[in-house]
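>>> Fold the following and give me the result.
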Amino acid sequence: MYPESINNLIESFKFLPGIGEKTAERLAFAVLDLDEEQIDLFSSSINEAFEKIHNCSICNTLTDADLCFVCKDLSRNSNTLCVVEDSKTVFLFEKLGIFTGKYHVLEGLISPLDGINPEDIGLNKLLDRINSEKFEEIIFAFKPSIEGETTALYIKKILEGLNIKITRLASGVPIGADIEYVDSLTLERALNDRKNIE
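Got it, this is the predicted structure:
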């Protein structure tokens, strides 16, 4: 019932996570109410992000430079490495200002049911970094799920024999929750009360 260009706009919004038909329709009509200057900014921002954003050459965090803002910061605690599933977690921790170490972003979590095996999540880059930078503690900050647990235990087994303390976020982060939706107090407590992986 919509003109083709509006229909295409609606379908485009549905590419985004959590956007269903009704929300996509609302967003499409909201875009049509923007003025020309706002539309230019909106479209150029999407194009610019697509063209310029890539992974940091050291930690894999999203950046528009060769090194991300964390890897460039020489004042960071170089003894502690926080391993996360995606860049959103890095930005969340940085907003909270509760972690002063370094990060490493994996390319997802191990999930055999989804066909994601250890070799698919960039573990070689992580292991090379651990061997070269001599961290004293590795923190796993994965969502509390079967995939998160599997990934943590797999990496821990590989690191056995190295003199590195291995911890993970404490309980308080609900099972099955995405870290990006956890409130800041719960996340801060989980980070501060992290536990050794048995």
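
>>> Show me what the helix or strand containing Ile130 is packed against.
Per DSSP states H and E: Ile130 is located in helix 123-133. Under the contact definition 3 or more C-beta pairs under 8 Å, 6 or more residues apart in numbering; DSSP states H and E, helix 123-133 sits against strand 80-84, strand 102-105, helix 146-159. Any C-beta I mention is one placed from the backbone N, CA and C, and that applies to glycine too.

>>> distance between the longest one and the chain's centre?
Helix 146-159 has its C-alpha centroid displaced from the chain centroid by 17 Å (C-alpha atoms, centre = their mean, to the nearest Å).

>>> helices and strands around it, which ones?
Counting by 3+ C-beta pairs under 8 Å, 6+ apart, helix 146-159 packs on helix 123-133, strand 137-141, strand 165-168.

>>> Which one of these lies nearest to Asp33?
Taking C-beta to C-beta, strand 137-141 is the member of those nearest to Asp33, at 39.8 Å.

>>> how about the closest one: buried residues?
By neighbour count on 16 or more other C-beta atoms under 10 Å, the buried set for strand 137-141 is Ile138, Ile139, Phe140, Ala141.

>>> again with stretch 14-23
Applying 16+ other C-beta under 10 Å to stretch 14-23 flags Ile19 as buried.

>>> Ok, stretch 159-171 next?
Quick answer for stretch 159-171 (16+ other C-beta under 10 Å): Leu159, Ile166, Thr167, Arg168, Leu169.

>>> Among those residues, which one lies nearest to Glu51?
Once C-beta to C-beta is applied, the member of those that ends up nearest Glu51 is Leu169, at 34.5 Å.

>>> burial count for Asn192?
Residues contacting Asn192 under the criterion other C-beta atoms under 10 Å number 12.

>>> Now for the nearest residue to Gly108 once chain neighbours are set aside: which residues touch it?
Leaving aside its chain neighbours, Gly108 sits nearest to Ile121 (5.0 Å; criterion: C-beta to C-beta, 6 or more residues apart in numbering). Going by C-beta atoms under 8 Å, 6 or more residues apart in numbering, Ile121 touches Leu106, Glu107, Gly108, Leu109, Ile110, Thr151.

>>> before we move on, what about Leu126?
Val83, His104, Leu106, Ile155.

>>> how far away is it from Asn192?
24 Å (C-beta to C-beta, to the nearest Å).

>>> Would you mind measuring from Ile116 to Ile110?
In this structure, Ile116 lies at 6 Å from Ile110, with C-beta to C-beta as the measure.
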